[in-house]
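*Asks:* coordinates only, sequence not included:
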């Protein structure tokens, strides 16, 4: 086997590398990105809008990207206003956000009550699904476990392959309701020494999504501050435009006519990749490394020197990356990170971690300038820079950081799936051939 693998690997590296000259000559949009780093327009959506720069037209007619403070909108509503609205009325807001993304409209009081009640009713899993969770082979990958169980949910649908909007909407609402339960059960299974269905905590239909998930993890209803902050985290992660990799993947698969379960599994698969999900785990590992290697966490000079070594691939995991820094769209600021920096102070004081969080903020202050000096890029801290710290304070294990991302983002995936089906055209971009010409077939006896 080893010789076969070595041969295939060598030939793949020989033929699959990209010639930069061809990319420039043919103006190929690698990663569906323009030369200035902005995304190529490939569709239309009313769901999420992510803004981090504006285009400025120069005197010669050329376009340049001008960095501006980041903004995030759901169906035209500023997410900051959604957060302020639910905080001002002392209520949870994730259910309202899900309704907004699915329908394009804010719910009335009655509609929100009915929708929330429906989500609560649909949280429980069939006993057969619980058995699948309990009897799967032992492993420690929570995203793979989520993928497996979501795929299996088609077994409990009388019409799983329907692409009628009513059926798709039913399926999406059902999955949005069940994701927290699946994730909690998958993690509980990991902790079990012996399978016992009685240890799986039944969801409480009367709790909010945020309260219920935290309750299912610990068996205790969380305090109001923690539950409301977790609710805000879910709102922040619910949607991020059609161009983020997992949402675009969901739309691509949906455009082929695939069923809801396959399309949502495609989103999970995309999010499992370390270039999309998992960044907050990387931040936590990076901070741990920095804490171990710095004598004085409060020294700007010592922090700066170590961050420079990370960028030079001489420290950390030698990737040259300062995790939690930079974003495909946001430049000067990520509105979610701005909020979490403020809330992080409150959490740090509650849990006696002020010194550690001061280190986070010191890195956030110093790192963007270093990246700009070394790479000429305008970058900011993103939501992942602080979210791991927030989850740690809540007592959430790092294995669940990315599944929680999926717990929230399934609402956005669902909204985009419905939109893609309504728009109804299969996504099929073109690829330029890297071959220099056609090749004549050579008989096996002469090779």
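*Replies:* Great, that's in hand. All values derive from a computational prediction rather than experimental measurement.
*Asks:* helices along the stretch 1-150 of the chain, start to end?
*Replies:* Here the stretch 1-150 of the chain has its helices, by DSSP state H, counting those that start in this stretch, at 2-16, 20-26, 79-88, 94-103, 109-121, 127-134, 142-152.
*Asks:* wait, which of the ones you listed is closest to residue 355?
*Replies:* Closest to residue 355 of the helices of the stretch 1-150 of the chain, according to Cβ to Cβ: helix 79-88, at 27.9 Å. The way it works is simple: take the backbone N, C-alpha and C, and place the C-beta from them, glycine included.
*Asks:* in the chain, which helix has the most residues?
*Replies:* Taking DSSP state H as the criterion, the chain has its longest helix at helix 165-191.
*Asks:* ok so, going back, need the helices of the stretch 1-150 of the chain in a markdown table with mean neighbour count and distance to residue 331, can you?
*Replies:* Below are these laid out as a markdown table (neighbours: other Cβ atoms under 10 Å; distance: least, Cβ to Cβ, whole Å):
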| stretch | mean neighbour count | distance to residue 331 |
| --- | --- | --- |
| helix 2-16 | 9 | 32 |
| helix 20-26 | 11 | 24 |
| helix 79-88 | 16 | 18 |
| helix 94-103 | 24 | 25 |
| helix 109-121 | 15 | 35 |
| helix 127-134 | 15 | 42 |
| helix 142-152 | 20 | 29 |
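*Asks:* turn these into a markdown table, including distance to residue 307 and mean pLDDT.
*Replies:* Output for the helices of the stretch 1-150 of the chain, formatted as a markdown table (distance: least, Cβ to Cβ, whole Å; pLDDT from 0 to 100):
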| stretch | distance to residue 307 | mean pLDDT |
| --- | --- | --- |
| helix 2-16 | 33 | 84 |
| helix 20-26 | 30 | 83 |
| helix 79-88 | 29 | 97 |
| helix 94-103 | 35 | 97 |
| helix 109-121 | 43 | 97 |
| helix 127-134 | 42 | 95 |
| helix 142-152 | 29 | 96 |
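*Asks:* on that earlier part again, helices and strands around the following helix or strand past the longest helix of the chain, which ones?
*Replies:* Later in the chain than helix 165-191, the nearest helix or strand by DSSP states H and E is helix 209-218. Counting contacts by 3 or more Cβ pairs under 8 Å, 6 or more residues apart in numbering; DSSP states H and E, helix 209-218 packs against helix 94-103, helix 165-191, helix 224-237.
*Asks:* and the helix or strand that the last one is followed by, how far out from the chain middle?
*Replies:* Next in sequence after helix 224-237, counting helices and strands by DSSP H and E, comes helix 245-255. Distance, stretch centre to chain centre, for helix 245-255: 13 Å (Cα atoms, centre = their mean, to the nearest Å).
*Asks:* report the inter-axis angle for the helix or strand following helix 245-255 versus helix 245-255.
*Replies:* With elements assigned by DSSP H and E, the helix or strand that comes after helix 245-255 is helix 260-271. Angle, helix 260-271 to helix 245-255, by axes from the mean of the first three to the mean of the last three Cα atoms, to 10 degrees: 150 degrees.
*Asks:* re earlier: including distance to residue 198, could the helices and strands packed on helix 209-218 go into TSV?
*Replies:* Formatted as TSV, the helices and strands packed on helix 209-218 follow (distance: least, Cβ to Cβ, whole Å):
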stretch	distance to residue 198
helix 94-103	29
helix 165-191	11
helix 224-237	26
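*Asks:* quick one, which of these is nearest to residue 431?
*Replies:* helix 165-191 (29.7 Å).
*Asks:* so the closest one versus helix 260-271, what angle?
*Replies:* 50 degrees.
*Asks:* residue 389 touches residue 359, doesn't it?
*Replies:* No. Contact criterion Cβ atoms under 8 Å: residue 389 and residue 359 do not qualify, at 10.1 Å.
*Asks:* helices or strands next to the longest helix of the chain in the packing?
*Replies:* The helices and strands touching helix 165-191, judged by 3+ Cβ pairs under 8 Å, 6+ apart, are helix 94-103, helix 109-121, helix 127-134, helix 142-152, helix 209-218, helix 260-271, helix 401-423.
*Asks:* which one, of those helices, ends up nearest to residue 241?
*Replies:* helix 401-423 (8.7 Å).
*Asks:* list the buried residues of the closest one.
*Replies:* Buried residues in helix 401-423, counting neighbours by 16 or more other Cβ atoms under 10 Å, are found at 401-421.
*Asks:* determine which of the helices of the stretch 1-150 of the chain approaches residue 229 most closely.
*Replies:* Of the helices of the stretch 1-150 of the chain, nearest to residue 229 by Cβ to Cβ is helix 79-88, at 10.4 Å.
*Asks:* and that closest one, how far out from the chain's middle?
*Replies:* Worked out by Cα atoms, centre = their mean, helix 79-88 lies 21 Å from the chain centre.
*Asks:* that older thread, overlap in contacts, residue 389 and residue 359.
*Replies:* Common contact partners of residue 389 and residue 359 (Cβ atoms under 8 Å, 6 or more residues apart in numbering): residue 287.
*Asks:* between those two, tell me which one has more neighbours.
*Replies:* residue 389 (23 against 18; other Cβ atoms under 10 Å).
*Asks:* which residues are contacting the host helix or strand of the more buried one?
*Replies:* In the assignment (DSSP H and E), residue 389 maps to helix 383-393. Under the contact criterion Cβ under 8 Å, 6+ apart, helix 383-393 has outside partners 229, 233, 236-237, 279-284, 287, 323-325, 334, 336-337, 340-341, 343-344, 347-348, 350-351, 353, 356-357, 360, 364, 398, 400-401, 404.
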